[in-house]
Structures are given as structure tokens and as C-alpha cells.
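Participant: Generate a structure from the sequence data that follows.
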Amino acid sequence: MAQDRIKAFCIDFNWDLLDRFASPGLYGHADAAAHVSWYRALGVNTIQSFFVSHNGYAWYDSSVAPRTPGMSGDFMCDLTQRGHEAGLRMMGYISPGANGQWAAAHPDLSHVPRWNTWHIPLTSTYLDYLARLLEDALRKVPVDGFMVDMLWNVNPQWMPCEQQMFSELMGDVAPEPHEADRLPVNVVDAFNRAATERAWRRIQEVARSVNPGCLIWLSVNNMMNAQLEHSRLAAEVDWLMNENPNMAEGLAVARRLAGRHAQLVQCVAGWEGAVHHDGPAILAALPADVGLYGFAAPDPVTTLPPDDGGINAQNIAALGRAFRGHP
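Facilitator: The predicted structure follows:
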């Protein structure tokens with residue numbers, strides 16, 4: 001295994017053990033020292049944790065988003081400092097398409113959250129909030145970069161805010177909700193792609209203005225999504241990750257879309273249920289130039305991944321062996 005291969009993991013505060021967005025404060029008692037110790041034992045060279053998780057609450061002392069309830073001190077800054085002291089690369093996280101706190105505060109600018117997927121139209125108002133949040137996080141937390149997840153525009157219901165977006169991005173009059181069927185699929189795809197592209201430009205501009213060397217890592221759960229085609233997004237990120245368990249298909253598309261400078265990453269652990277990652281099979285077939293990543297929802301008591309013998313625990317064990325260079 002190449003020495004510089006990305007070997008990353010995330011103890012994932014986004015989710016509870018029932019595959020729903022975690023309630024605010026569920027993991028607020030997490031201890032940075034215990035987390036870094038767990039990551040080091042796993043053998044990572046990169047830790048990915050959170051600026052803000054899907055519920056919209058911050059894991060650092062944010063001036064923009066509300067703090068995670070029950071968090072003592074500044075978890076993300078403490079984690080980053082300890083990780084750097086251990087020689088690890090530290091990455092933050094934002095998920096533009098999902099923010100439960102924003103949805104609750106701005107029901108006129110969000111679909112009703114389903115609490116397990118994205119729900120936010122990427123309006124100008126929301127992008128202003130996202131830009132403030134990201135700038136605040138990058139100025140306060142000395143990370144090496146950050147992951148962007150769920151960077152999709154939610155399929156429109158033609159709320160007034162989405163009609164305004166359509167006018168801004170497409171230069172045309174949007175349909176009323178009862179007329180939605182009159183738009184061809186390719187027009188809706190073009191609208192969603194334009195919305196995602198505009199969001200990417202804002203994210204990129206903020207990151208480069210605060211820290212020109214900041215790594216931007218895009219996680220994609222579906223490389224076939226029409227919003228990626230003909231977009232600058234995949235071509236301009238520093239790391240491009242196929243999160244989907246279908247490695248062969250996902251990486252083939254990623255290689256076609258990625259810029260020459262990009263490092264590719266494959267997710268090896270995290271999804272469970274009928275569709276899940278087969279960690280050992282993925283690792284056995286993983287190309288040498290592709291990095292490794294895994295995530296897992298933590299136990300609410302320990303705030304560490306449960307060693308329960310399930311698929312995810314087996315995949316984490318396989319990742320740990322790969323991280324440490326063992327068969």
C-alpha cells in the first residue's frame with residue numbers, strides 16, 4: 001500500500017443507529033481525546049469530522065450555526081489539535097443539501113425534511129448562509145480541508161423560492177406546482193445542475209479566499225446523478241469519492257469526471273441493510289491509486305462505533321487491517 005494513499009475514517013455524528021438524522025445533542029458528550037485514540041488504533045492517516053452535521057448544529061464554537069447541545073469546550077478544534085499533534089490530516093464537513101435546523105427556521109425555503117435525505121433548495125438566501133458558515137468554520141478550525149456531502153439541489157416542488165431560483169438560473173418563468181409536469185426531464189436536470197454549480201462556486205470561492213491550500217473533498221453517493229454531468233464540480237475538487245458500494249461503476253464514472261489533479265477515494269464501510277458495502281471484496285479489488293474511507297454511526301453512550309459483529313463492524317475491522325498493511 002502506497003505510503004501516501006488516503007486512509008480515512010469518520011465517526012459519523014450525522015446518523016443515529018436507526019439510520020435517521022441524529023437528534024441535536026445525541027453525541028454532544030463526545031470526547032476528542034478518546035476519538036483520536038480510537039482513530040489512531042484503527043490506523044488512519046486522515047480523520048474526517050464535522051463543522052456542522054445534518055441536523056444543522058455545529059461541532060465548534062460557531063458564530064453562525066447553533067452549538068451542538070451538551071458539547072463542552074470546542075470539540076472540532078480540540079480534535080483537530082490532537083489529530084495534528086499525532087501527525088494526522090484533519091478534515092471538516094458540510095452537507096449543503098441537508099440542514100434540519102435551517103429547515104425548521106425557514107419553512108418557506110425548505111422542503112419538509114424526511115430526516116434521512118437532502119431537502120433544501122439551493123437558494124441565494126441559503127447560499128449566503130452557507131458561505132458565512134463555511135468562512136466562520138475555516139477561520140476558527142485549522143483543518144487541512146473539508147468534505148462536501150449531499151451537494152445536490154433537491155428535486156423541485158416549485159415552491160415560490162424555487163420559482164425564483166428558476167428565473168435566476170434559467171432566465172425563464174417557472175411552472176406553478178400544478179403545472180410541474182409541463183417541464184421536460186432534461187430541463188429540470190439542467191435547472192438542478194445549474195443550482196448545484198452555483199453552490200459549488202460559492203463553496204470554492206469561500207474556501208480559496210480563506211485558505212488557498214485547503215483541500216476540498218466531494219462525496220458522491222450516486223456518480224450517475226445528472227447534476228454531475230457537464231459540471232465543473234467533479235473536475236475541480238481535490239478529492240472525489242465514490243460512496244456507493246458499486247465500486248466498479250462508480251470509479252469508472254469518477255475517472256471520467258475528475259480533474260487531472262484529483263485523488264480518487266472509495267468508501268469501504270458505512271452503508272448497511274439490503275444495499276451495503278462488502279468491505280473485504282472492495283478492498284481486494286481496490287486499484288492502487290484509489291484511497292480508502294469508511295464511516296459509522298456511533299453508539300449513543302460511548303460515541304464510538306459499536307463493535308457489534310454486524311456488517312459495518314466487519315468492514316471496519318477489514319479497513320483497519322488494510323490501513324495497517326495487513327492482509
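Participant: where along the chain do the strands fall?
Facilitator: Using DSSP state E, the strands found in the chain span residues 7-11, 46-48, 89-94, 145-148, 215-220, 239-242, 263-269, 290-296.
Participant: What lies in contact with the fifth one?
Facilitator: Residues outside strand 215-220 that contact it (C-beta atoms under 8 Å, 6 or more residues apart in numbering): 48, 91, 144-149, 151, 203-204, 207, 228, 233-234, 237-244, 250, 254, 265, 267. For glycine as for every other residue, the C-beta is placed from the backbone atoms N, C-alpha and C.
Participant: For that strand, give the mean pLDDT please.
Facilitator: Within the predicted structure, the mean pLDDT of strand 215-220 is 98.
Participant: Pull up the pairing partners for that strand, direction included.
Facilitator: Based on DSSP bridges, the pairing partners of strand 215-220 within the sheet are strand 145-148 (parallel), strand 239-242 (parallel).
Participant: Please work out which of those is packed deepest.
Facilitator: Most buried of the strands paired with strand 215-220, by mean neighbour count (mean count of other C-beta atoms under 10 Å): strand 239-242, with a mean of 26.
Participant: and that one, how far from the chain's centre?
Facilitator: 11 Å (C-alpha atoms, centre = their mean, to the nearest Å).
Participant: and it, C-alpha only, in CSV?
Facilitator: Provided in CSV are the C-alpha atoms of strand 239-242 (Å, rounded to 0.1, in the frame of the first residue of the first chain):
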residue,chain,number,x,y,z
TRP,A,239,-10.6,14.6,-3.8
LEU,A,240,-13.5,12.8,-5.5
MET,A,241,-15.1,9.9,-3.6
ASN,A,242,-17.4,7.2,-4.7
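Participant: Which pLDDT value does the model give the residue most central in space within the chain?
Facilitator: The centroid of the chain falls nearest to residue 149 when counting by C-alpha atoms, centre = their mean (2.5 Å). For residue 149, the model assigns a pLDDT of 97.
Participant: Export stretch 155-175 to PDB, keeping only CA atoms.
Facilitator: Listed next in PDB are the C-alpha coordinates belonging to stretch 155-175 (Å, rounded to 0.1, in the frame of the first residue of the first chain):
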ATOM      1  CA  ASN A 155     -35.900  17.900  -6.900                       C
ATOM      2  CA  PRO A 156     -38.200  21.000  -7.100                       C
ATOM      3  CA  GLN A 157     -41.700  21.100  -5.800                       C
ATOM      4  CA  TRP A 158     -41.900  24.700  -7.300                       C
ATOM      5  CA  MET A 159     -42.300  26.500  -4.100                       C
ATOM      6  CA  PRO A 160     -42.100  30.300  -4.600                       C
ATOM      7  CA  CYS A 161     -38.400  30.200  -3.600                       C
ATOM      8  CA  GLU A 162     -37.800  27.600  -6.300                       C
ATOM      9  CA  GLN A 163     -39.700  29.600  -8.900                       C
ATOM     10  CA  GLN A 164     -37.400  32.500  -8.100                       C
ATOM     11  CA  MET A 165     -34.300  30.200  -8.500                       C
ATOM     12  CA  PHE A 166     -35.600  29.100 -11.900                       C
ATOM     13  CA  SER A 167     -35.900  32.700 -13.000                       C
ATOM     14  CA  GLU A 168     -32.400  33.500 -11.800                       C
ATOM     15  CA  LEU A 169     -30.700  30.400 -13.200                       C
ATOM     16  CA  MET A 170     -32.700  29.700 -16.400                       C
ATOM     17  CA  GLY A 171     -33.900  33.100 -17.400                       C
ATOM     18  CA  ASP A 172     -37.400  31.800 -17.800                       C
ATOM     19  CA  VAL A 173     -40.700  31.700 -15.900                       C
ATOM     20  CA  ALA A 174     -41.000  28.700 -13.600                       C
ATOM     21  CA  PRO A 175     -44.100  26.500 -13.600                       C
END
